[in-house]
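J.: Generate a structure from the sequence data that follows.
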Amino acid sequence: MNLVAKAQAAIRKYQMLKRGDKVLVALSGGPDSVALFHVLLELKKEFSLNLAAAHYNHRLRGKDSDRDESFARTLADKYKVEFIPGRAAPGWHKKLKGSTEELAREMRYAFLLRAAAKTRTDKVGLGHNADDQAESVLINLLRGSGMLGLASMPPVRDKFIRPLLQVTHEQILEYCDEKGFAFRTDKTNLDKRFLRNRIRAELIPMLKTYNPAIVAALGKTSELLREDEKFLEKTAAKAFAKLAHCRLGRISFHLPKFFKEDLAIRRRLIRLAILALKKDLRRISATHVLELEQLLDAGKPSFEIDLPAGITILKSYDRLSIELAQPKPAIPFKPVRVKIPGETSLRLSNEYQLSLKIEPSDYARFKKSSHQKPKRGSIFETGIDQVYLCLNHPQDSLWLRTPRPGDRLQPLGMNGHRKLKEILQDLQVPRNLRPIYPVLASQKETLRVLWVPSYGLSENFKVLPESSQICLLKIRLQSRSR
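T.: Numbering: from 1, shown residues only. Just a heads-up that it's a prediction; the model follows:
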């Protein structure tokens, strides 16, 4: 089977294209992208394709980079194919931190997506071949990757397609030589300072002494693992929809339910949470997930770990939260005198809006409601709570405010007091939200709290049969992400 037939078979097997698609070819000028460009030209009539080509100049190799861009433009012009160029800023690699190779890859993919949007293309064709796949499997194996990493590059991912993934680099060179297609050679591919180049030049030739077909074997392994990974990801997605509590910049799990899932699913739940927050899994490895597992197994009531790319994972009692960047403690709002009766609204933070409604009531309604079971969790979790209380005097005022050092509450049925700090810990309120937890006090400056939503009322304001000034308080907290 010749190269075009292999590409054609892959396109059909993985349903990469449909008739009438517009395909943007990532045309670096190297043999792989040149071969893909010509293959798609040959298949253009069969699939009624509309082709475009895009080239990104990383400006890392001086005049050679400019010659690559010129070559790609000339090739596209020769076949009357629309050409979209892109260029990095001069000296960008000296200004940014991180691996130049990885940063260049991210810039290139971002450019290809922009170019695809600009040209309204359906697919973006990449020239990755079987050798690239084998190298990626070995790189991820050496790094200690899980199944997803070893599955490596899929033939199709979103807009990106790889029709040459089952064709070797040698077969591509033979195709270009046979057809007389010129291409550019990137000398940095010979630089052994890069891991991929060392694997290509040293490790794979050594492995071929054990198995001459090692490239095909690694490709087959990645394909088998990819199919297993698909099944596990579908299973994990169902569990995620059931278990994940999503808020702005934060996803959390109730640990007792989380631990009922199999370990393989739990690991994927963590990955799915990170993916939902940062939109990709770059710089997040299996090692990070294993580190989290060890901490969970240690049984500590709380911990906090920082992962790359601004991801923070926190455990607080029976709650595991994954956050995008560590949120700064919220700024307390000024005390607000609430209307009796009436409704008071205020913004706790950029995320939370609070409303407190107070209405007259009576003992009969109080008794009827006393059988209702309150929701468990802090007001940030439940979003709603209500309480009946008795005002001792018609002129009593109520103040809605945030916690202060020394605040305390005398819970119903108790002679002593509890510190508000301890109550918020019991409610498992995240540290960054404790400064804005709403509480009710009878005076603006008093440290004696009369109501902590989702916890309880003060003994001094409880409703009795002889109470005359009975009020019903309803609090509602709305999040922008709900």
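
J.: Check which residues of the lowest-mean-pLDDT helix or strand in the chain are buried.
T.: Counting by mean pLDDT, DSSP states H and E, the chain has its least confident helix or strand at helix 92-95, which shows a mean of 72. By neighbour count with 16 or more other Cβ atoms under 10 Å, helix 92-95 contains the buried residues 92-93. (C-beta placed from N, C-alpha, C; glycine too.)

J.: do stretch 78-85 as well
T.: When neighbours are counted by 16+ other Cβ under 10 Å, the buried residues of stretch 78-85 are found to be 81, 83-85.

J.: Compute the first-to-last residue distance for it.
T.: Taking Cα to Cα, to the nearest Å, the first and last residues of stretch 78-85 lie 16 Å apart.

J.: Tell me which stretches of the stretch 301-450 of the chain form strands.
T.: If you assign secondary structure with DSSP state E, counting those that start in this stretch, the strands in the stretch 301-450 of the chain sit at 302-307, 311-316, 319-324, 336-337, 342-347, 352-360, 384-390, 399-401, 408-409, 418-419, 439-441, 449-452.

J.: how about a markdown table for those, with distance to residue 208 and mean pLDDT added?
T.: Compiled in a markdown table, those are given as follows (distance: least, Cβ to Cβ, whole Å; pLDDT from 0 to 100):
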| stretch | distance to residue 208 | mean pLDDT |
| --- | --- | --- |
| strand 302-307 | 37 | 89 |
| strand 311-316 | 39 | 90 |
| strand 319-324 | 42 | 91 |
| strand 336-337 | 75 | 90 |
| strand 342-347 | 65 | 89 |
| strand 352-360 | 61 | 90 |
| strand 384-390 | 66 | 90 |
| strand 399-401 | 73 | 91 |
| strand 408-409 | 73 | 92 |
| strand 418-419 | 69 | 92 |
| strand 439-441 | 71 | 92 |
| strand 449-452 | 69 | 92 |
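
J.: Quick one: these as JSON lines, columns for distance to residue 369 and mean neighbour count too.
T.: What follows is the strands of the stretch 301-450 of the chain, written out as JSON lines (distance: least, Cβ to Cβ, whole Å; neighbours: other Cβ atoms under 10 Å):
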{"stretch": "strand 302-307", "distance to residue 369": "35", "mean neighbour count": "14"}
{"stretch": "strand 311-316", "distance to residue 369": "31", "mean neighbour count": "19"}
{"stretch": "strand 319-324", "distance to residue 369": "28", "mean neighbour count": "21"}
{"stretch": "strand 336-337", "distance to residue 369": "26", "mean neighbour count": "14"}
{"stretch": "strand 342-347", "distance to residue 369": "20", "mean neighbour count": "13"}
{"stretch": "strand 352-360", "distance to residue 369": "13", "mean neighbour count": "17"}
{"stretch": "strand 384-390", "distance to residue 369": "7", "mean neighbour count": "20"}
{"stretch": "strand 399-401", "distance to residue 369": "22", "mean neighbour count": "19"}
{"stretch": "strand 408-409", "distance to residue 369": "21", "mean neighbour count": "21"}
{"stretch": "strand 418-419", "distance to residue 369": "24", "mean neighbour count": "16"}
{"stretch": "strand 439-441", "distance to residue 369": "18", "mean neighbour count": "22"}
{"stretch": "strand 449-452", "distance to residue 369": "15", "mean neighbour count": "24"}
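
J.: possible to save the ones you listed as JSON lines with distance to residue 233?
T.: Compiled in JSON lines, the strands of the stretch 301-450 of the chain are given as follows (distance: least, Cβ to Cβ, whole Å):
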{"stretch": "strand 302-307", "distance to residue 233": "20"}
{"stretch": "strand 311-316", "distance to residue 233": "19"}
{"stretch": "strand 319-324", "distance to residue 233": "17"}
{"stretch": "strand 336-337", "distance to residue 233": "47"}
{"stretch": "strand 342-347", "distance to residue 233": "39"}
{"stretch": "strand 352-360", "distance to residue 233": "33"}
{"stretch": "strand 384-390", "distance to residue 233": "35"}
{"stretch": "strand 399-401", "distance to residue 233": "46"}
{"stretch": "strand 408-409", "distance to residue 233": "47"}
{"stretch": "strand 418-419", "distance to residue 233": "46"}
{"stretch": "strand 439-441", "distance to residue 233": "44"}
{"stretch": "strand 449-452", "distance to residue 233": "42"}
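
J.: closest one to residue 122 among those strands?
T.: Each of the strands of the stretch 301-450 of the chain was checked against residue 122 via Cβ to Cβ, and the shortest separation belongs to strand 319-324, namely 31.1 Å.

J.: Given that closest one, what are its sheet partners and their directions?
T.: When pairs are called by DSSP bridges, strand 319-324 turns out to pair with strand 250-254 (antiparallel), strand 311-316 (antiparallel).

J.: burial measure for residue 234, as a count.
T.: 10 (other Cβ atoms under 10 Å).

J.: can you pull out the strands in the stretch 151-300 of the chain?
T.: Across the stretch 151-300 of the chain, reading from the start of the chain, the strands by DSSP E, counting those that start in this stretch fall at 156-157, 160-161, 245-247, 250-254.

J.: deepest of these, which one?
T.: Stretch with highest mean neighbour count among those: strand 160-161 (a mean of 24; mean count of other Cβ atoms under 10 Å).

J.: Parallel or antiparallel, list what pairs with that strand.
T.: Here strand 160-161 has these sheet partners by DSSP bridges: strand 123-125 (parallel), strand 156-157 (antiparallel).

J.: mind checking how far the shortest one is from the chain centre?
T.: The reference is to strand 156-157. Its chain's average C-alpha position is 19 Å from that of strand 156-157, according to Cα atoms, centre = their mean, to the nearest Å.

J.: contacting residues around it?
T.: Residues from elsewhere that reach strand 156-157, judged by Cβ atoms under 8 Å, 6 or more residues apart in numbering: 14-16, 162.

J.: Got a PyMOL select line for the buried ones in the residues you listed?
T.: For the buried members of these, the matching PyMOL selection, counting by 16+ other Cβ under 10 Å, is:
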select buried, resi 16+162
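
J.: How many residues are close by residue 120?
T.: Neighbours around residue 120, by other Cβ under 10 Å: 10.

J.: quick one, which of the strands paired with strand 319-324 is nearest to residue 119?
T.: Closest to residue 119 of the strands paired with strand 319-324 is strand 311-316 (Cβ to Cβ; 33.7 Å).

J.: could you give the angle of that closest one to strand 302-307?
T.: 170 degrees (axes from the mean of the first three to the mean of the last three Cα atoms, to 10 degrees).

J.: Would you mind giving the domain segments of the protein?
T.: The chain is divided into the following domains under automatic domain parsing: 3-224, 244-324, 336-479.
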